[in-house]
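1. show me how the following folds:
(one chain, ligands or ions: 1)
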Amino acid sequence: MPATKRDRTYTLQEGCPYGSASTAQRFGDQRPVRGLMLLQDTQLIETLAHFSRERIPERTVHAGAVGAWGELEVTHDNSDITSAAFLNGKGKKSKVLWRLSITGPRPGQYETTRDVRGWAMKIFTEQGNQDFVFNSIPTFFIRDPIKFPSMNRSHKVHPSKNAADPNMFWDFHVNNQEGIHALMMLFSNRGIPANVRQLNGYSGHTYKFTREGTDGFVYVKIHFLTDLGAKGLKLAEAKRLGGLQPSLHTVDMHEHIAQGKFPTWTMYAQVMTAEQAENYRWNVFDMTKVWPHKDFPLRPMAKLTLNKNPENYFSDIEQAAFSPSTMVPGIAASLDPMLQARMFAYPDAARYRVGVNYQQLPCNRPVSHVYAPYERDGAMRYMTNYGSDPSYVNSSLVPVQFDSKIGASGYSIGHDEVISGRVAGYASEVTDDDFEQARGMWHVLGKQGPEEQNDFVVNVVDSLQGVVPSLQTGAIAMFKRVEPALGKAIADALGVN
Ligand code: HEM
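-> Sure, this is the predicted structure:
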């Protein structure tokens, strides 16, 4: 049964009825395959011309994905930390669009690959859209945004081979070791999820939660933990399954939703005051670090349920545009330099990839009132374009009402945050501190059972075995800095002294 009832009487794109969709006009006698095609054949020309233009630019990262619709339901009283309307009032539900992506490979490459998964959510609220653009691991490979394009290229294809190249991958990571904690997560068995229903989404960044009518804020890290239990694949199993079904995760997700077996996640926050952040062991704006749960426990807030497959992948998921800059009152950015850079990069990418009016498309359009008459025209403007309303600010002829307060987040309250200093070039440095949480992760794997540590070594060795000796040595030295026994185990398995 089609999901939508529609009149299926065929027409050309301009609505003109046409008698057949598979004929072409030609001049000649009626013998088969003999005659001249005609320029007057609008149907043929329109069909071929449209086909050549079917693709929009692929996302430079996170191009291959699974998508679904769902809802977020408030399960706890969150009013003491945020006034965001969609997080307040137990039982309150908001519509969600969710896109789970693989970061490096092109779409269509096999899905049981070792890679960080992107977790993008658009929550349609009465105060506008709230996007969460997270990852499946809680830390990241870099903390200096200028390195982002380099890091991603090293994970993607080699410029001349046009295939992934472990030399590039390790060349980047051996020489940018701040990512060691994220590498520990990537090379654990969780680095290849068993399916996309059993993985977690993490903000990684520190955000702020704010409350209307107060000047204060709290810092938060947000977690979506699967209610099914996170599950990864062992390397050999991942290779076998990927060979059998390259689209394993997409098919699994689609079938579960179609059969009414809806996956759910619990949304949690770790909450820290500004004062605690000042004195904390870790810099809260460094996204290569986590906040251990024993220091800042998980506080449940809401439940996410995915319950509807996209009606059409291109219109619902490919054209969807998510951005960390899309935030409702009650949620605000922190000083994390990566987050600040991302707030520029995503709308910029969407304007290029989908077009300047991408927010008007059904998959992106807010369910709330929108009135932004100072952003007008542009390609594919198909909604009202504000008629004859003034296109300039401060008109006394047609006054505009304002609803929010001006403040640090642009539309919400100000925060008690004072910064002083001087303009200078800055790049972070790698220190022993960067290895401490990575070491903790190695011991966590040990507590999960001896197999987990063994598998970690197997996973790293599988990637390192074809790599040039200087990078093998560099990687071994890096893992020795995590834990000498780990570096030695990798060296032994590679046969390197
Ligand atoms: C400076 C750092 C970063 C930059 C410049 C950056 C830039 C980008 C760009 C340009 C895209 C493609 C967007 C599009 O074409 O619509 C993208 C996608 C994405 N990024 Fe990042 N990114 C950064 C770091 C991160 C981090 C730290 C996370 C997670 C915590 C993340 C999660 C994602 C996700 C989930 C997507 C896919 C969004 C979708 O489904 O459309 N990125 N990123």
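2. secondary structure class for the residue lying closest to residue 229 once chain neighbours are set aside?
-> The shortest distance from residue 229 to any non-neighbouring residue, by CB to CB, 6 or more residues apart in numbering, is to residue 198 (6.3 Å). The C-beta positions use only the backbone N, C-alpha and C, and glycine is treated the same way. Secondary structure, DSSP: H, G, I helix; E, B strand; the rest coil: residue 198 is coil.
3. what about residue 198, how many neighbours?
-> By other CB atoms under 10 Å, 17 other residues sit near residue 198.
4. same thing with residue 247?
-> The burial count for residue 247: 17, using other CB under 10 Å.
5. close to the ligand: what parts of the chain are there?
-> 59-62, 65, 99, 101, 118-120, 133-135, 140, 145, 148, 204, 321-322, 338, 341-342, 345-346, 349-350, 353 (CB under 6 Å from any ligand atom).
6. leaving out sequence neighbours, find the closest residue to the residue of the stretch 151-300 of the chain found nearest the ligand.
-> Nearest residue of the stretch 151-300 of the chain to the ligand (CB to the nearest ligand atom) works out as residue 204 at 3.8 Å. Spatial nearest neighbour of residue 204, chain neighbours left out: residue 287 (4.8 Å); criterion: CB to CB, 6+ apart.
7. who's in contact with residue 489?
-> By CB atoms under 8 Å, 6 or more residues apart in numbering, the residues touching residue 489 are residue 457.
8. quick check, pLDDT for it.
-> Residue 489 is assigned a predicted lDDT (pLDDT) of 97.
9. helix, strand, or coil at it?
-> helix.
10. distance of it from residue 451?
-> To residue 451, residue 489 is 13 Å away according to CB to CB, to the nearest Å.
11. ranges for the helices of the stretch 51-200 of the chain?
-> Here the stretch 51-200 of the chain has its helices, by DSSP state H, counting those that start in this stretch, at 148-155, 166-174, 180-186.
12. err, the stretch 201-350 of the chain, not the other one
-> 235-244, 248-258, 274-279, 313, 337-353.
13. also the stretch 351-497 of the chain?
-> Per DSSP H, counting those that start in this stretch, the stretch 351-497 of the chain carries helices over the ranges 433-447, 450-464, 469-482, 484-494.
14. who wins for proximity to residue 254 among those helices?
-> Closest approach to residue 254 among the helices of the stretch 351-497 of the chain (CB to CB): helix 450-464, 28.2 Å.
15. burial count for the closest residue to residue 210 other than its chain neighbours?
-> Nearest residue to residue 210 in three dimensions, chain neighbours excluded: residue 217, at 4.7 Å (CB to CB, 6+ apart). Residue neighbour count, defined by other CB under 10 Å, stands at 27 for residue 217.
16. wait, isn't residue 217 in contact with residue 208?
-> Yes - counting by CB atoms under 8 Å, residue 217 sits close enough to residue 208 to count as a contact (4.4 Å).
17. just to revisit the earlier point, reformat the helices of the stretch 51-200 of the chain as CSV; add mean neighbour count, distance to residue 306 and mean pLDDT.
-> Shown next, in CSV, are the helices of the stretch 51-200 of the chain (neighbours: other CB atoms under 10 Å; distance: least, CB to CB, whole Å; pLDDT from 0 to 100):
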stretch, mean neighbour count, distance to residue 306, mean pLDDT
helix 148-155, 17, 27, 98
helix 166-174, 19, 32, 98
helix 180-186, 23, 24, 98
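18. which one of the ones you listed lies nearest to residue 128?
-> For the helices of the stretch 51-200 of the chain, the distance to residue 128 is smallest for helix 148-155, at 26.9 Å, taking CB to CB.
19. what comes into contact with that closest one?
-> With contacts defined as CB under 8 Å, 6+ apart, helix 148-155 is touched by 60-61, 103-104, 115, 141-142, 164, 168-169, 171-173, 176, 179, 338, 341, 345.
20. since we're on residue 271, how many residues are nearby?
-> For residue 271, the count of nearby residues is 19 (other CB under 10 Å).
21. look up the residues forming beta bridges with it.
-> Legend: beta-bridge partners of residue 271 under DSSP bridges are residue 220.
22. equivalent analysis for residue 36, please.
-> Note on residue 36: beta-bridge partners residue 27, judged by DSSP bridges.
23. ok, residue 344 - contacts?
-> Contact analysis of residue 344 by CB under 8 Å, 6+ apart lists residue 325.
24. switch to numbering from 57
-> That works, and once the first residue is 57, the last one we named lands at residue 400.
25. got any ranges where this protein has weak pLDDT?
-> For the chain, the stretches with pLDDT under 70 are 57-60, 460-473.
26. residue in it nearest to the ligand?
-> The chain approaches the ligand most closely through residue 174 (2.6 Å), counting by CB to the nearest ligand atom.
27. how far away is that residue from residue 440?
-> Note on residue 174: its distance to residue 440, by CB to CB, is 33 Å.
28. which one of the two is surrounded by more residues?
-> residue 174 (21 against 9).
29. how many neighbours does the residue lying closest to residue 514 once chain neighbours are set aside have?
-> Distances taken as CB to CB, 6+ apart place residue 291 nearest to residue 514, at 6.0 Å, with adjacent residues excluded. When neighbours are counted by other CB under 10 Å, residue 291 registers 20.
30. can I see the domain layout of this structure?
-> When the chain is parsed with automatic domain parsing, its domains come out as 120-194+248-416, 489-550.
31. just those: most buried one?
-> Among these, ranked by average contacts under mean count of other CB atoms under 10 Å, first place goes to domain 120-194+248-416 (a mean of 19).
32. coming back round to it: does the residue nearest to residue 260 really touch residue 263, like I thought?
-> No - applying CB under 8 Å as the test, residue 343 and residue 263 come out as separate, 11.3 Å apart.
33. between those two, which contacts overlap?
-> Common neighbours of residue 343 and residue 263 (criterion: CB under 8 Å, 6+ apart): residue 395.
34. pull the contacting residues for the closest residue to residue 181 other than its chain neighbours.
-> Closest residue in space to residue 181, ignoring its immediate chain neighbours: residue 142 at 3.9 Å, by CB to CB, 6+ apart. Residue 142 is in contact with 128, 130, 148, 150, 179, 181-183, 186, 384, counting by CB under 8 Å, 6+ apart.
35. rerun that using 6 Å as the cut-off
-> Neighbouring residues of residue 142 by CB atoms under 6 Å, 6 or more residues apart in numbering: 150, 179, 181.
36. swap in residue 442?
-> residue 429.
37. pretty sure residue 297 sits against residue 167.
-> No - counting by CB atoms under 6 Å, residue 297 does not reach residue 167; the two are 9.0 Å apart.
38. overlap of the contact sets of these two?
-> Jointly contacting residue 297 and residue 167 under the rule CB under 6 Å, 6+ apart are residue 304.
39. show me where the stretch 57-206 of the chain has strands.
-> For the stretch 57-206 of the chain, the strands defined by DSSP state E, counting those that start in this stretch cover 82-83, 92-93, 120-130, 149-158, 173-181, 184-191.
40. for the third one, give me every contacting residue.
-> Which is strand 120-130. 143, 145-146, 148-158, 163, 179, 252, 305-306, 309, 358-364, 366, 373.
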